[in-house]
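J.: let's see this in three dimensions:
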Amino acid sequence: MYATAQPFANFAGPGARLALGGLYQQVRVESKVDGASPHELVTMLFEGFMEAVAQARGAMREQRLEIKGAAIGRAVRIIEEGLRAGLDRRAGGTLARDLDELYSYLAMRLTLANLRNDEAALEECQRLMRPLHEAWLAIAEEAETAMPRQR
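T.: Sure, this is the predicted structure:
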């Protein structure tokens, strides 16, 4: 009746463990997102960006082009679909416009880094994003007291 006596035999190999690890990571991230405040969501975007660029740098050094491209693609999506899309250009004034320009520049530099295998461009992107990330973390306590979680 069954092809094998082990219904989960396909999950035995190293590739399967990797796939399950990816699924676990996705569920873990989705769980974090569900309970996160707006400030925590932006923090996760900054952290995801830094992690993706670090992964791209490592993959570039190891000449693992597929991993490099996927990591850079993830970093660009975080910028474009997360950080940049979340800007309120009308109410944000000069700061929102400046961030919009910075995010546009970062997306362009990441794309060029991918095309040219330019690790220095990846390092530049991390260097430019680091002060924003640190400033965002510094205002965490203030942001949390101003906007308590909605549960």
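J.: counting by contacts, list what the longest helix along the chain packs against.
T.: As assigned by DSSP state H, the longest helix anywhere in the chain is helix 89-116. Applying 3 or more CB pairs under 8 Å, 6 or more residues apart in numbering; DSSP states H and E, one finds that helix 89-116 contacts helix 38-61, helix 65-77, helix 119-138. Every residue, glycine included, has its C-beta placed from N, CA and C.
J.: in a markdown table: the ones you listed, plus mean neighbour count and mean pLDDT.
T.: Output for the helices and strands packed on helix 89-116, formatted as a markdown table (neighbours: other CB atoms under 10 Å; pLDDT from 0 to 100):
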| stretch | mean neighbour count | mean pLDDT |
| --- | --- | --- |
| helix 38-61 | 18 | 95 |
| helix 65-77 | 18 | 97 |
| helix 119-138 | 15 | 96 |
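J.: wait, which of those helices is closest to residue 109?
T.: In terms of CB to CB, the element of the helices and strands packed on helix 89-116 nearest to residue 109 is helix 119-138, at 5.0 Å.
J.: now do the closest one: which elements does it pack against?
T.: Using 3+ CB pairs under 8 Å, 6+ apart, helix 119-138 sits against helix 38-61, helix 89-116.
J.: select, out of the ones you listed, the one closest to residue 81.
T.: Comparing these by CB to CB, helix 38-61 comes nearest, at 9.4 Å.
J.: residue 118 reaches residue 110, doesn't it?
T.: No - using CB atoms under 8 Å, residue 118 makes no contact with residue 110, being 9.8 Å away.
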